[in-house]
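fold the following and give me the result.
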Amino acid sequence: MLTPKTIRKSLEEIVWTHLQPRGFAIRRGFLIRERTPEIFDWIALPHSVPDKNGPAYFTANIGIHVRPLHQLLERVGNELSGYVPATFVVNVGYLTPDKRWIKWPFPRTEFSRTTAEALSQHIIQFGLPFQESFVNLKQVYAGCERHGIKEYNRLRLPILGLLMGQKAQTIGALQQLLEEYRDVENAYAPHLRRSVGMLLEYLRTGAT
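Numbers count the residues shown, from 1 in each chain. Take a look at the predicted model:
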């Protein structure tokens, strides 16, 4: 019986065969492409095995990583990276006309190249055009608004604004966010208040 790890290795090799001519490389379990100095494209192939003896279900997540955002977070403080990811991601199925999560079943008896090719073609047909539609920070901002997780966007969108030269607006948005969460008591609020405080202190030092 094939293990999910074995299936993943074969699947990754087939996907990479299609994507390598387009500039992708395999790094730490991801397919990654540095498309512009500011933007990295990445693709993940997560899986699930609902029945330990049943098929392994694989899917493709299509991501955008913003290098200037990552670099700014490192300058402000590494702990921010857990609450302000420098990336956003969408399942390839939501980029299709059906706009729904898609997963492909791989039998455990024999590797299905046909299924691997179908997954690969979805990445090429729907995932790559999605990634290539982001060529500047303004488009990334709009992408985060549409596809980003709301909790992450509370901080991520003002920071992207800062990277686009909107320092005054960023300070205003962060101060408003701090006021909104001043008396909120939940698991997320303390981290948000601390992160906003770190960002405001960074901006007060004259950062642009």
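
which residue comes closest to residue 200 once chain neighbours are left out?
For residue 200, ignoring the flanking residues on the chain, the nearest one in space by CB to CB, 6 or more residues apart in numbering is residue 174 at 5.6 Å. For the C-beta atoms, the positions are set from N, CA and C on the backbone; glycine is no exception.

tell me the contacts of that neighbour?
158, 196, 199, 200, 203 (CB atoms under 8 Å, 6 or more residues apart in numbering).

which helix or strand contains the fourth one?
When elements are defined using DSSP states H and E, residue 200 is found to belong to helix 189-204.

and if you look at the first one?
For residue 158, the element it lies in under DSSP H and E is helix 150-163.

and that helix, what other elements does it pack with?
The contact analysis (3 or more CB pairs under 8 Å, 6 or more residues apart in numbering; DSSP states H and E) places helix 150-163 against helix 67-76, helix 137-147, helix 167-180, helix 189-204.

who's in contact with it?
Contacts for helix 150-163 (CB under 8 Å, 6+ apart): 66, 68-69, 72-73, 80, 83-85, 88, 137, 140-141, 144-145, 148, 169-170, 173-174, 177, 188, 192, 195-196, 199, 203, 208.

buried ones among these?
66, 68-69, 72-73, 80, 83-85, 88, 137, 140-141, 144, 148, 170, 173-174, 177, 192, 195-196, 199, 203 (16 or more other CB atoms under 10 Å).

domain boundaries for the chain, per the record?
4-135, 138-204 (automatic domain parsing).

end to end on the shortest one, go ahead and measure it.
Okay, so that is domain 138-204. From its first residue to its last, domain 138-204 covers 24 Å (CA to CA, to the nearest Å).

average model confidence for it?
Here domain 138-204 scores 90 as its mean pLDDT.

rewinding a little: and residue 18, which of the helices and strands packed on helix 150-163 is closest to it?
Nearest to residue 18 among those is helix 137-147 (23.5 Å), distances taken as CB to CB.

chain center to the closest one: distance?
Mean C-alpha position of helix 137-147 versus that of the full chain (CA atoms, centre = their mean, to the nearest Å) differs by 12 Å.
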